[in-house]
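> the following comprises the amino acid sequence and a computationally predicted model.
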Amino acid sequence: MTFSQSISIWGGIFDSVATTANTTTYAFIAGTTSSNTTESKMDVPIRSAGTLSNFYMRISANSCSGTTTYTLRDSTTPGDVNENISVPTATTGEFEDISNQDTITSGHQYCVHIVPAGGSTGTNTMTILKLSFLPSTSTDTVTRFVTSWASATLVTASQSYYSAISGLGSSLSLTESTCACRQRKTGKYRYLACQVSANNRTTATTATLRKDTGSGPANGNQTVSITSATTGVFEDTNASTHDDSVSAGNDVDIKVATGSDTGHSLTLENTAVSFVSDASAGILQLTSGHSVGSSQSAALTRFIGITGRVQGNEATEDNVKLKLGHARTYSELTAHVITNTSTTNGTMNFRKNSANGNMTFSVPNNTTGVFSDSSNTDIAGNNDYIDYAYTSGATNATIIGQISCWGIQFVDLAASASLTLSSSITRGGTFFRNLTASLTFSDSNSRLLHAFRVIQETLSLSAVVLNAAKFRLPLFRKKRGWL
């Protein structure tokens, strides 16, 4: 069975980000972030044309005295677009816009616009944000990953900094191995981009996608040159020749290298890159990352969001579990353990509806590296909640860098279907009726975008066999001319 296209999920864990009282702020559409009063710092370029829908968020605390409105914003136009969520005063929980959707203009920049009611006091706290994306290209599934550098200042001359493809990169990692994300499915990376808010460097700074196919990390095709003394978005838009193909076992990360000048700096807000599953494979990649890893204390079970930033100390699962809204089969639970000095084993689990799923693996004591479960799978329906859980060993902390899994979307059967039956009769001592049936389903993009259902169709056919001798049916009646 092939998939013409599949809905992908863009979003992330937002570190319990509180709004600013009576102040308009902005946030990333994916990854991890704190809100910012400067819109351009939160902008993320989207090069793949398509449709965003099912704007979803979770509010864990709310002391705001008025309604707070969250709206998807096209910063290039500029202006708010259709999708929006209103959070009433003192209300917490889940919020979702299932009525509106927005057509993405290729090359435009997008963010989330947060507006408290005028004159209101207090704040509310967002822990999760999610958007569904259906690409215009009929064979692609596109996931846009965003890594927040949180206004990191790059000062050192001729220095290489490394970042995870998703989550948090603000700690300015100088060690590439901590940032590597292990691939378990075939696809390609494209549209590498950087957002620069300040820059007085006199030489160019270069961002590059890095790929390790087994012989060590090397520069990929995706590259962005940040011109000296220039700010804004810089992007590699050459998908035809600059795509970086990856397969199971490859590692990927992002490198940002400064030029040779001294005494100058560049302020980096975010990097972004897209993972594309093509050839009708319909594969969604979900990755949570942290460039230097997130530390989890010993002998604890802590919960981690399915995409965005790895957080090692979240004790409340409701703050990170996510309802994706589209049924999928998930596989290849994978984690990169950076530091592990525990004297007992740890355990990673895929979680569904606040219970352990099938996917799991043990992290042996005092062992680091990449661990995966390639044997088990988990099915999550449209209204199921999913996340990760790690139970650390009995002694010492464990530092986890990247966690990923991959999902294949169910075929969403249509609201309308056609059934064709044909029959034939074979004459002889016994009559046989042979029935042939064919079912055809069709659906529209708008229906797929709001596909909060799993439909199963069952077709049963039976044939009646009549034996001429048993029922004494005459084969010849000459008087009436029967044959």
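Here it is on my side, so go on.

> angles on the backbone of the closest residue in space to Asn250 that isn't next to it in sequence, please.
Spatial nearest neighbour of Asn250, excluding adjacent residues (Cβ to Cβ, 6 or more residues apart in numbering): Gln183 at 4.6 Å. (Each C-beta comes from the backbone N, C-alpha and C, glycine too.) Gln183 adopts backbone torsions of phi -80, psi 140, taken as degrees, to the nearest 10.

> likewise for Arg184?
phi -120, psi 0.

> can you check Asp378 too?
Torsion angles, degrees, to the nearest 10, at Asp378: phi -130, psi 130.

> so which strand or helix has the residue nearest to it when sequence neighbours are not counted?
Spatial nearest neighbour of Asp378, chain neighbours left out: Gly357 (4.0 Å); criterion: Cβ to Cβ, 6+ apart. Under the criterion of DSSP states H and E, Gly357 resides in strand 355-363.

> now do the helices in the stretch 201-350 of the chain.
Assigned by DSSP state H, counting those that start in this stretch, the helices in the stretch 201-350 of the chain fall at 239-242.

> where does it dip in pLDDT?
For the stretch 201-350 of the chain, applying pLDDT under 70 flags the ranges 279-280.

> and the residue nearest to Asn250, what does it touch?
Contact partners of Gln183, counting by Cβ atoms under 8 Å, 6 or more residues apart in numbering, are 246-252.

> 7 Å instead?
Contacts for Gln183 (Cβ atoms under 7 Å, 6 or more residues apart in numbering) come out as 246-250, 252.

> ok, Thr223 next?
206-208, 236.

> and those, which are buried?
Among those, those classed as buried by 16 or more other Cβ atoms under 10 Å are 206-208, 236.

> of the residues you listed, closest to Asn36?
Ala207 (20.9 Å; Cβ to Cβ).

> does Gly407 touch Gly282 like I think?
No. In terms of Cβ atoms under 7 Å, Gly407 does not count as a neighbour of Gly282; the distance is 9.1 Å.

> more neighbours: the two, which one.
Shown here are Gly407 and Gly282; by other Cβ atoms under 10 Å, Gly407 has more neighbours (29 against 24).

> OK, contacts around that one?
Gly407 touches 284, 286, 328-330, counting by Cβ under 7 Å, 6+ apart.

> for Val146, give the beta-bridge partners.
Ala272 (DSSP bridges).

> before we move on, the earlier item: looking at the contacts of Gln183, which has the most residues close by?
Neighbour-wise, the contacts of Gln183 (other Cβ under 10 Å) top out at Val252, 25 neighbours.

> what's the distance between that one and Ala180?
As defined by Cβ to Cβ, to the nearest Å, Val252 lies at a distance of 7 Å from Ala180.

> in stretch 194-213, what's buried?
In stretch 194-213, counting by 16+ other Cβ under 10 Å, buried: 194-197, 199, 201, 203-212.

> wait, I meant stretch 322-340
So stretch 322-340, judged by 16+ other Cβ under 10 Å, has buried residues 322-328, 330-340.

> stretch 221-241 too?
Buried residues in stretch 221-241 (16+ other Cβ under 10 Å): 221-222, 224, 226, 228, 231-236.

> end-to-end on it?
8 Å (Cα to Cα, to the nearest Å).

> again, but for stretch 121-141
End-to-end span of stretch 121-141 (Cα to Cα): 42 Å.

> what residues sit buried inside it?
Residues of stretch 121-141 classed as buried by neighbour count (16+ other Cβ under 10 Å): 122-135, 139-141.

> so which of those residues sit within strands?
124-135, 141 (DSSP state E).

> quick revisit: so which of the buried residues of stretch 322-340 are in strands?
322-323, 328, 330-340.

> doesn't Ala198 lie inside a strand?
Yes. According to DSSP: H, G, I helix; E, B strand; the rest coil, Ala198 belongs to a strand.

> distance of it relative to Ser173?
If you go by Cβ to Cβ, the gap between Ala198 and Ser173 works out to 21 Å.

> for Arg309, same thing?
Distance from Arg309 to Ser173, by Cβ to Cβ: 14 Å.

> for these two, indicate the residue with more neighbours.
Arg309 (25 against 21).

> that one pairs with what?
Here Arg309, judged by DSSP bridges, has bridge partners Gly289.

> same check, this time on Gly232
Bridge pairing for Gly232 - DSSP bridges - gives Val196.

> now it: how far from Thr395?
48 Å.

> secondary structure class for Gly118?
coil.
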